[in-house]
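Trainee: using only what follows, build the 3D model:
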Amino acid sequence: MYKKFRDGWIEVICGCMFAGKTEELIRRITTLKYAKENIIIVKSHIDTRYSKKPVIITHLGASVDANFVENSGDIRKLISKNPNFSALVVDEAQFLDESLVELANEIANQGKKVIIGCLDQDFTGKPFSFIPQLLTSAEFVTKLSAVCVICGNPATKTQRLIDGEPAKTTDPIILISGSDSYEARCRFCHTVL
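Mentor: All right, here's what the predicted structure looks like:
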């Protein structure tokens, strides 16, 4: 069955680390480019794990040019410079501010596409900041899972490790790092002290 949607919607691609969220975002961007959409692509300025340049980049190195932003206000500035855009793509949204929810709704209400990639939970297994509000605003939510590095079952949790041991709930929520500090784990193998 074919579905017809009006232009103007929010899609969130979420899950734990190593689930392929950025790969999925890049796939969506490629589709938008084939459709000759005018895309604004952004990511948080604090995520420079794999490149100091403003790119959306996967753990395996696939990348797409983007714009670094500190907050939703920076996204508004980019929009004002390119008012004819038809799609906004945001990577690592959990590092931005809760005004992103309002901005995403404004953009969707203007008949434009908003596609957002984010962690849905922090390393303690709790919802990440404003992400629940973003999820409830979205027309489409794709929750990806990884493979648990301990048992091989579907992983939906991000395990933070400090010197090889599980992090404590008192540790800072945000620590930008990759496989040297994080693992994908299932609910049974995920541990927080």
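Trainee: ok so residue 28 is a strand residue?
Mentor: No - using DSSP: H, G, I helix; E, B strand; the rest coil, the secondary structure at residue 28 is helix, not a strand.
Trainee: let me see the contact set for it.
Mentor: The neighbourhood of residue 28, defined by C-beta atoms under 8 Å, 6 or more residues apart in numbering, consists of 11, 13, 89, 115. To be clear about C-beta, it is placed using only N, CA and C from the backbone, and glycine gets the same treatment.
Trainee: and which of those is nearest residue 181?
Mentor: residue 13 (22.4 Å; C-beta to C-beta).
Trainee: of the contacts of residue 28, which belong to strands?
Mentor: Counted as lying in strands by DSSP state E, out of the contacts of residue 28, are 11, 13, 89, 115.
Trainee: pLDDT weak spots in this protein?
Mentor: Counting by pLDDT under 70, the chain shows low-confidence ranges at 1-5, 176-179.
Trainee: so which residues of it form strands?
Mentor: 9-15, 39-44, 55-57, 63-65, 67-69, 87-91, 113-119, 140-144, 146-147, 154-155, 157-162, 165-166, 182-185.
Trainee: dump those strands to CSV, plus distance to residue 105 and mean neighbour count.
Mentor: Converted to CSV, the strands of the chain look like this (distance: least, C-beta to C-beta, whole Å; neighbours: other C-beta atoms under 10 Å):
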stretch, distance to residue 105, mean neighbour count
strand 9-15, 7, 23
strand 39-44, 16, 22
strand 55-57, 22, 21
strand 63-65, 25, 15
strand 67-69, 18, 18
strand 87-91, 12, 24
strand 113-119, 8, 25
strand 140-144, 14, 15
strand 146-147, 29, 18
strand 154-155, 31, 21
strand 157-162, 27, 21
strand 165-166, 37, 14
strand 182-185, 31, 22
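Trainee: got those as JSON lines, with distance to residue 100 columns?
Mentor: JSON lines is the format used below for the strands of the chain (distance: least, C-beta to C-beta, whole Å):
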{"stretch": "strand 9-15", "distance to residue 100": "10"}
{"stretch": "strand 39-44", "distance to residue 100": "10"}
{"stretch": "strand 55-57", "distance to residue 100": "16"}
{"stretch": "strand 63-65", "distance to residue 100": "20"}
{"stretch": "strand 67-69", "distance to residue 100": "10"}
{"stretch": "strand 87-91", "distance to residue 100": "7"}
{"stretch": "strand 113-119", "distance to residue 100": "8"}
{"stretch": "strand 140-144", "distance to residue 100": "15"}
{"stretch": "strand 146-147", "distance to residue 100": "24"}
{"stretch": "strand 154-155", "distance to residue 100": "26"}
{"stretch": "strand 157-162", "distance to residue 100": "20"}
{"stretch": "strand 165-166", "distance to residue 100": "30"}
{"stretch": "strand 182-185", "distance to residue 100": "23"}
